[in-house]
Structure formats: structure tokens, C-alpha cells
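Colleague: fold the following for me, if possible:
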Amino acid sequence: MLRWLVFVPSKHPRARLGHYLPDLVYGANDGIITTFAVVSGVVGADLSRTIILILGFANLFADGISMGASNYLARRSHAEAEQRASREEALRHASVTLVAFVAAGVVPLIAYLLPVPSNGQFVAAIALTAVTLFFVGAARSLVTGLSAFRSGLEMLLVGSLAAIAAYLIGALASAVTDVDRRSAGLP
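Modeller: Below is the predicted model:
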């Protein structure tokens, strides 16, 4: 099964990474940004750790499956003329997107699963997310030849903007709907 997943015409590791790099970057970037956006929005709304974990994991797996399936359908549609070979290749790319999405997307939730004091969980999630975003972005340079620092910084900037927007929307939605922890029955 694993051999099927990583098959590419060239056996050279750099060529294999380059072949799946768009799927890895797309999946990892979207996984970590959307999951951290959920965490940021819930923290901005001042809701509980339990809600962070429920919404975070629900988003992580539902969106990961959606991303993988969408990648599969897009690639299969594009290469439908090649029939069976195109379907197998589309499934490989979809699998890479799904795995990258979930692997990177779980990072913001780690702070809420470990014994981190509750007043430090969001700060820990920010730090873990920032480091992961930077390294996923920097990893692009292995294939592109671009500066690892610049590539990492670009991805960190995109993720930071999304997280700030989600936090502010969560805070605004909480204020507009007058939801507070007590009326929601939360600790």
C-alpha cells in the first residue's frame, strides 16, 4: 500500500517530493490554517477548551476528507482521458493532500490535549502553529530552490492573517450575539 502511495515515474527522492509538493503544501497549509482559525475563533469568542477540541477535530477530519476528495475529483476530471492510470494517480495525490492536511492540522490542537495550564494553551497553540507554518513553508525550498527563510515567512504570514481574522470574527460574533460563557452553560 505504501509503495502504491509514493509511486512516481522517477525513483529519485527529490523527484518524488517534487511530484507531490503542491499536494503536500496545499494540504498542510490548509490543514494548519483552518484548524488554527477554528481554535482562534473559539478563543476569540471566549468559549471552553472542550468546544475547541470538538470543533477542532470535527473540522480537521471533515475538511481533510473534503480536501482529499476534492483533489481527487479535480485531478480525475482533468485527466479523465487517460482512464485507469489517471484515476490511480489522482487517488495518490488526493491521499497525499489528506495526510498532509491531517498531519499539519492536528498541530494547533496539541496544546489542548497536553497538560498545559489553561491560561497557556492558546499561547502554546500559537507557537506550535507558527513553527509548523514556517517549517512547512521552508520545506518548499527543497524542490523550488527558493530561499527557505522567505518561503517559511510567506506561509507564516498567510496563516497569521487567517488566524487574526478568525479570532476577531469569533470575538465580534460573541459580542454581537451576546454569548458569554455563563449563558452558554460553559465553565
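Colleague: for Ala166, list the residues it contacts.
Modeller: Phe36, Ala37, Val38, Ser40, Gly41, Gly44 (CB atoms under 8 Å, 6 or more residues apart in numbering). Where you see a C-beta, it was placed from the backbone N, CA and C, and this is true even at glycine.
Colleague: so which residue is smack in the middle of the protein?
Modeller: By CA atoms, centre = their mean, the chain has its centre lying nearest to Gly31, at 1.1 Å.
Colleague: does anything pack onto the helix or strand hosting it? Which helices or strands?
Modeller: Under the criterion of DSSP states H and E, Gly31 resides in helix 13-44. The helices and strands touching helix 13-44, judged by 3 or more CB pairs under 8 Å, 6 or more residues apart in numbering; DSSP states H and E, are helix 49-78, helix 84-105, helix 107-113, helix 121-139, helix 141-144, helix 148-176.
Colleague: check these for me: which has the lowest mean pLDDT.
Modeller: Within these, the stretch with the lowest mean pLDDT is helix 141-144, showing a mean of 80.
Colleague: which residues touch that helix?
Modeller: Contact with helix 141-144 is made by Arg14, Leu17, Gly18, Leu21, Ser147, Ala148, Ser151, as judged by CB under 8 Å, 6+ apart.
Colleague: filter those residues to the buried ones?
Modeller: Those of those that meet the buried threshold are Leu21, Ala148, Ser151, by 16 or more other CB atoms under 10 Å.
Colleague: nearest to Tyr26, of the helices and strands packed on helix 13-44?
Modeller: Of all the helices and strands packed on helix 13-44, helix 84-105 sits nearest to Tyr26, with 6.1 Å by CB to CB.
Colleague: the closest one to helix 13-44, inter-axis angle?
Modeller: Put simply, helix 84-105 runs at 50 degrees to helix 13-44, going by axes from the mean of the first three to the mean of the last three CA atoms, to 10 degrees.
Colleague: mind listing what's buried in helix 84-105?
Modeller: In helix 84-105, counting by 16+ other CB under 10 Å, buried: 86, 89-105.
Colleague: now stretch 114-129
Modeller: Buried, per 16+ other CB under 10 Å, within stretch 114-129: Val116, Gln121, Phe122, Ala124, Ala125, Ile126, Leu128, Thr129.
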